[in-house]
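need a 3D model of the sequence below.
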Amino acid sequence: MNETMQLSLLRERFYRRERRSVSAAREFVRGAVADWGFGARLDDVLLCVSELATNALVHGVPPGRGYLVRLLLREEGRLMRVEVHDSGDGQPGVRDPDGESGRGLVIVAALADVWGVGERNPGKIVWCEFGQGSCSGVANSTASRTSASGSWERR
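As a prediction, this is how the structure comes out:
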């Protein structure tokens, strides 16, 4: 079955630039994870959502704007993708854990199966994926950058 015919379940929610939005994003994702039967990965997914939403809030959302959390279920329910869209400048990356910032992405890299950064105008999409029953932190280096359309590939 080609990708255009493949069923892809999608949920998304927009959050304003306010502190309580991170906990609201976690609760939104908790509901989708429960509905989609990804309970075995719940803790990993929620921690990554917390980190990505916090990064968007602190570094990627200018005053008066917000961020979008998008969840996609693919590969007949075996793969869940979490995306956080923001309108801020900058390119996030894993940095020295002793530094001022970048530690959240160290956590995402350790827990998600793969993660990356895509372009959007304005801003960026920071995403991570979780396979049903897979080990956390596997194959993080296999991700390629996404395009503005959100397409993605594995090498």
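
list the buried ones in stretch 58-77?
Neighbour counts over stretch 58-77 (16 or more other C-beta atoms under 10 Å) mark 60-61, 66-74 as buried. (Glycine included, C-beta is placed from N, CA and C.)

so for it, mean pLDDT?
For stretch 58-77, mean pLDDT rounds to 90.

quick revisit: which members of the buried residues of stretch 58-77 are the farthest-apart pair?
Farthest apart among the buried residues of stretch 58-77 by C-beta to C-beta are V61 and R74. That separation is 27.0 Å.

buried sites along the worst-scoring helix or strand of the chain on mean pLDDT?
Across the helices and strands of the chain, mean pLDDT, DSSP states H and E gives its lowest value to helix 103-111, namely a mean of 91. Within helix 103-111, the residues that count as buried by 16+ other C-beta under 10 Å are 104-105, 107-109, 111.

okay if I get those residues as CSV plus distance to R81?
Below are those laid out as CSV (distance: C-beta to C-beta, whole Å):
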residue, distance to R81
G104, 18
L105, 17
I107, 18
V108, 13
A109, 16
L111, 14
